[in-house]
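K.L.:
Build me a model:
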Amino acid sequence: MADDALLVVQIDTAERGEAGYDINEPLRTKDTDWKEYCDYLYKAVEYKISNIIPETYRDKVAYAIAIEETDAWLIPLFDNSCKETAQYANPKERLHYLIGRIDGKKRVKYINTDKKNLDYDNISKDMRKGLKTCRQKSRSLDLFCLDLENKCNI
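P.N.:
Next up is the predicted model:
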């Protein structure tokens, strides 16, 4: 691996119940401290993956560990009332719901009508402008960005 190379490992915690993933989920209640919830899951997944990677390369790996799904990172773009995206057990459905509520003309921008799916290319353009907001409301995105900033000396 080149000296300046960085490997980004992206994984969603939504699959944590599958064989081989073996990460215990913290308890979800109405009183859950979502920052602690994110920190716990992030660290548990990071620890598990880092033990697979040879020690000499561990400082060359950045962890994009999305709590539930990466769609959660996009929710703050469409939901001003969101305090922490980890509160949504089904972020993909929440994101679809939020985009579905947008005025028809603007909504078309975010939906790929050929595939009847979200148009992540267009949504990601908005994320570039709203990254600060997304980081403030998504602890797992913030942890990933902090990891990148640290490892890339940004």
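K.L.:
Residue 63 sits in which helix or strand?
P.N.:
Here residue 63, judged by DSSP states H and E, is contained in strand 61-66.
K.L.:
what residues does whichever helix or strand comes after that strand touch?
P.N.:
Note on strand 61-66: by DSSP H and E, the next helix or strand toward the C-terminus is helix 91-100. With contact meaning Cβ atoms under 8 Å, 6 or more residues apart in numbering, helix 91-100 is reached by 68-69, 71-72, 74-75, 78-79, 85, 88, 107, 110-111, 118. C-beta here means a position set from N, CA and C on the backbone, and glycine is covered the same way.
K.L.:
any idea how far stretch 20-34 is from the chain center?
P.N.:
Chain-centre distance of stretch 20-34: 16 Å, with Cα atoms, centre = their mean, to the nearest Å.
K.L.:
cool, and stretch 140-147?
P.N.:
From the chain centre to the centre of stretch 140-147 is a distance of 9 Å (Cα atoms, centre = their mean).
K.L.:
Now do the strands in this structure.
P.N.:
All strands of the chain, identified by DSSP state E, fall at 7-12, 61-66, 111-112, 117-118.
K.L.:
Mind putting the ones you listed into CSV with mean neighbour count and mean pLDDT?
P.N.:
Shown next, in CSV, are the strands of the chain (neighbours: other Cβ atoms under 10 Å; pLDDT from 0 to 100):
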stretch, mean neighbour count, mean pLDDT
strand 7-12, 14, 94
strand 61-66, 20, 96
strand 111-112, 16, 81
strand 117-118, 14, 88
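K.L.:
what would those strands look like in CSV with distance to residue 30?
P.N.:
Formatted as CSV, these follow (distance: least, Cβ to Cβ, whole Å):
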stretch, distance to residue 30
strand 7-12, 24
strand 61-66, 23
strand 111-112, 32
strand 117-118, 29
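K.L.:
what angle sits between the lengthiest helix in the chain and strand 61-66?
P.N.:
When the chain is parsed with DSSP state H, its longest helix is helix 34-50. Angle between the axes of helix 34-50 and strand 61-66 is 130 degrees (criterion: axes from the mean of the first three to the mean of the last three Cα atoms, to 10 degrees).
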